[in-house]
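In: Attaching a predicted model along with its sequence, questions to come.
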Amino acid sequence: MRCDSAESATTSDAAESAFGLFRRPLPTTNQGPDAPRPRPRAPYFHNGFAADLDAVVDFYDTRFGIGFTKQEKSDLITFLRSL
Ligand code: HEM
């Protein structure tokens, strides 16, 4: 079909319903930047290999050779829980 043909200006039923997916009205809830966002919960990571935040921090500590002290580790976990 040529791009300037009249046909290109009309939408087929199939395209109409496909694009309709994107034209659903937004729910009335707050969807802006202040919207509450779901937060990760245990078990963590996409396959849930970290049972708790302790395991998450241990993972990064080992993976990146950070060497967190006990205090740093517990501070970080407290911080993560506050998010
Ligand atoms: C001490 C530093 C870090 C902490 C405490 C931390 C914390 C976390 C936590 C709690 C999650 C789990 C989210 C969930 O369960 O959905 C996560 C996921 C992830 N983080 Fe980090 N993160 C750190 C550093 C990093 C760094 C340096 C990178 C990249 C180089 C990174 C990349 C990712 C990625 C890609 C995921 C998703 C992994 C998956 O779902 O399997 N993080 N992080």
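Out: Noted; the coordinates are in hand. Just so we're clear, the structure is a prediction, and the values are computed from it rather than from any experiment.
In: Confirm for me that Ala55 is in contact with Gly48.
Out: No. Counting by CB atoms under 8 Å, Ala55 stays clear of Gly48, with 10.3 Å between them. Just so you know, the C-beta spots here come from the backbone N, C-alpha and C atoms, and that holds for glycine as well.
In: Neighbour count: those two, which is higher?
Out: Neighbours were counted for Ala55 and for Gly48 using other CB atoms under 10 Å; Ala55 has more, 14 against 9.
In: Who are the contact partners of that one?
Out: For Ala55, the contacting residues are 44, 49, by CB atoms under 8 Å, 6 or more residues apart in numbering.
In: so when I look at it, I'm seeing a helix, right?
Out: Yes. The assignment for Ala55 is a helix, going by DSSP: H, G, I helix; E, B strand; the rest coil.
In: so what pLDDT did it get?
Out: Note on Ala55: pLDDT of 97.
In: just Pro33 next, same as before
Out: On pLDDT, Pro33 comes in at 73.
In: host element of it?
Out: Following DSSP states H and E, one finds Pro33 outside all helices and strands.
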